[in-house]
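# return a 3D structure for these sequence lines:
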Amino acid sequence: MSLLIRIRLSLMMFLEFFVWGSWYVTMGTFLGANLAAKDQEISLAFSTQSLGAIIAPFLVGLIADRYFHAQRILGVIHLVGAGLMYLLYTSSDFSAFFPILLAYMILFMPTLALVNSISFNQMKDPAKEFSTVRVWGTIGWIAAGILISSFAWDSQEGLSNGLLENTWLMAAIMSLILGVFSFTLPATPPKAKSSEKVKLSELLGLDALALLKNKNYAIFFLSSVLICIPLAFYYQNASPFLTEIGVENSTGKMTIGQISEVLFMLALPIFFSRFGIKKTLIVAMLAWAVRYVFFAFGDANEGVWLLLVGIALHGICYDFFFVSGQIYTDAHAGEKFKSSAQGLITLATYGVGMLIGFWAAGQISNNFLIGDRMHDWQSIWLIPAGISVIVLLFFTSFFKKEEIKTPNNPS
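Below is the predicted model:
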C-alpha cells in the first residue's frame, strides 16, 4: 500500500469517527438541556444505534456488496447524513428529533463496515496494515471531544446558552466534507455477483449459530450479550452524569477513554498470549464493575480522580472484551463461518444486548430522578456495577479454561 493511499484511508477513518464523536458522546446532555427530553426519551434516542446495527447487514449485504462501489455508497450516505445532521441541529423538540436521528443511524451504521471494506481492499497484509489506519478513527473521535470542550459548548455557561446544539452543525459540516472526499477514495467494486441468490441467514450471520453447540462458546456468547447491558449505561449516562455533577470540560475528559483504548490495544497481544482468553475476559468484566463503582463514589472535587480513572478503564473494558471476543470468535469459526460469526456477534451485542441496555438505563435513570433534572447517580451507577459482577460470576463459573491460537496482531 503506497503512502498516498495510506494517508487517504487514514483521513477517511479520521473523518468517519470525528463525525460520530461530534454528537454521540454529548447527545444525552444535549437532549436533556436543549430539548428537555426525559430519561426514557434519551434511552430511545441511543437505541437508534442498536436498530441501525440490526438493519446494517441488509444495507451492506444487499446493496454495497452486490451492486455499487463501496466508496460511492459511503459518499452518498454521508452527503445525505449531512442534511439529516442539519435537520437535527434545527430540531426544537424530541418528537421532531427522534425520527430524523433514527433515519440517520440506519444509514450511518453500515458505514462502519464500508470504511473497513474500502481499507481492506487496498491492503496486501491487513493484519499488519489495518491498525495503523484504524487508529486515526480513534484520533478523530478524540479530536471531536477536545474541540467541544475547547469551545466550552459543554460547560455550564454553554449549556445555559444552548451552545451544545452546535455539535450537530459541526457533524453536518464534517459529514459533508467526508461525503465529497469519499468519491476520491480508491475504487472498491462489489465482490458478489448481483445474480447470486442472497440467504437471509448469511446476511444476519445466522449460519454461525452452529458455533453455539460448543458449550464454552455459548457461555461466551451469552456473556457478551449480557455485558452490553451495563455498557449501554456508560454510553448513555456518562456525559449527562459528569455535566450534572459539575465536572468542567467533561467531553474533553471523556476522550481519556479513547486514549486508553489505543494504549490497551497495544498491550492486548502480550496479555492475551500470556494469560489466555478466560483471564483476559475476566479482567475486562472486572474493570467494568470497578469503573461503575468509581463513578458511584466519585465527585467533581476531591473525588474527581475516581471519575478520571473510571473513564480511563474504558480501554480495558472495550479492548480486553470486544477485541478479544472477536479473536476468540474468529478462532472458533474457521473459514466456513468466519464472516457469519463476526456478523452474528455484532448483531447480538451492538444490536440486541445494547438495545436492552439502553432501555434499562432509561428506566433506571428515571426511577432515581430527583426533582425535575437531578439524579441519584450513586444508586444508578451501582446497578450496572452489580450487573457486571453477576455476569462475571456466571462467566467464571461456567467457562472452562481454553487454549486458542492467537494471531500475531489481534487489532
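# low-confidence stretches in the stretch 151-300 of the chain?
For the stretch 151-300 of the chain, the stretches flagged by pLDDT under 70 are 191-208.
# now do the helices in it.
Ranges of helices in the stretch 151-300 of the chain, per DSSP state H, counting those that start in this stretch, are 156-160, 166-182, 200-204, 215-244, 250-254, 256-297.
# what would these look like in a markdown table with distance to residue 313 and mean neighbour count?
Backbone N, C-alpha and C define where each C-beta goes, glycine included. A markdown table is the format used below for those (distance: least, CB to CB, whole Å; neighbours: other CB atoms under 10 Å):
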| stretch | distance to residue 313 | mean neighbour count |
| --- | --- | --- |
| helix 156-160 | 26 | 13 |
| helix 166-182 | 25 | 21 |
| helix 200-204 | 32 | 16 |
| helix 215-244 | 10 | 22 |
| helix 250-254 | 12 | 23 |
| helix 256-297 | 4 | 19 |
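# quick one: which of those is nearest residue 355?
Proximity to residue 355 (CB to CB) singles out helix 215-244 among these, at 8.2 Å.
# circling back to that earlier point, nearest to residue 110, out of the helices of the stretch 151-300 of the chain?
Closest among those, using CB to CB: helix 200-204, at 11.9 Å.
# what's the closest of the helices of the stretch 151-300 of the chain to residue 22?
Nearest to residue 22 among the helices of the stretch 151-300 of the chain is helix 166-182; the distance by CB to CB comes to 3.9 Å.
# which outside residues touch that closest one?
Here helix 166-182 makes contact (CB atoms under 8 Å, 6 or more residues apart in numbering) with 11-12, 15-16, 18-19, 22-23, 26, 30, 71-72, 74-83, 85-86, 88-89, 144, 147-148, 151, 153.
# repeat that for stretch 16-24.
So stretch 16-24 is contacted by 30, 78, 81, 85, 88, 108, 111-112, 115, 137-138, 140-145, 148, 167-168, 170-171, 174-175, 178, 235 (CB under 8 Å, 6+ apart).
# quick one, helices of the stretch 301-411 of the chain?
Using DSSP H, counting those that start in this stretch, helices in the stretch 301-411 of the chain cover 304-312, 314-318, 324-346, 354-367, 377-398.
# nearest to residue 96, of those helices?
Proximity to residue 96, assessed across the helices of the stretch 301-411 of the chain by CB to CB, is greatest for helix 354-367 (19.5 Å).
# roughly how far is the closest one from the heart of the chain?
Counting by CA atoms, centre = their mean, to the nearest Å, helix 354-367 is centred 17 Å from the centre of its parent chain.
# circling back to that earlier point, pick the most deeply packed of the helices of the stretch 301-411 of the chain.
Mean neighbour count (mean count of other CB atoms under 10 Å) peaks for helix 314-318 among the helices of the stretch 301-411 of the chain, with a mean of 24.
# how near is the closest residue to residue 158 other than its chain neighbours to residue 110?
Excluding the flanking residues, the one nearest residue 158 by CB to CB, 6 or more residues apart in numbering is residue 152, at 4.8 Å. Using CB to CB, to the nearest Å, residue 152 is found at 34 Å from residue 110.
# more neighbours: which of these two?
residue 110 (23 against 15; other CB atoms under 10 Å).
# does the more buried one count as helix, strand or coil?
The three-state assignment at residue 110 reads helix, by DSSP: H, G, I helix; E, B strand; the rest coil.
# how close does it sit to residue 121?
Residue 110 is 16 Å from residue 121, by CB to CB.
# just residue 287 next, same as before
The value you get for residue 287 to residue 121, if CB to CB is used, is 35 Å.
# contacts only, for residue 126.
So residue 126 contacts 119-120 (CB under 8 Å, 6+ apart).
# domains for the chain, by residue range?
Per automatic domain parsing, the structural domains of the chain span 1-186, 201-411.
# gap between the two ends of the shortest one?
Spelled out, that is domain 1-186. With CA to CA, to the nearest Å as the measure, domain 1-186 spans 11 Å from end to end.
# returning to that earlier point: which one of the helices of the stretch 151-300 of the chain lies closest to residue 345?
Here helix 215-244 is closest among the helices of the stretch 151-300 of the chain (CB to CB), at 6.4 Å.
# return the distance of the closest one from the chain's centre.
With CA atoms, centre = their mean, you get 11 Å for helix 215-244.
# and that helix with helix 377-398, angle?
Comparing the axes of helix 215-244 and helix 377-398 via axes from the mean of the first three to the mean of the last three CA atoms, to 10 degrees yields an angle of 170 degrees.
# taking helix 304-312 as reference, get the angle to helix 215-244.
Using the same axes, to 10 degrees: helix 215-244 against helix 304-312 is 140 degrees.
# let me know the angle separating helix 215-244 from helix 354-367.
Using the same axes, to 10 degrees: helix 215-244 against helix 354-367 is 40 degrees.
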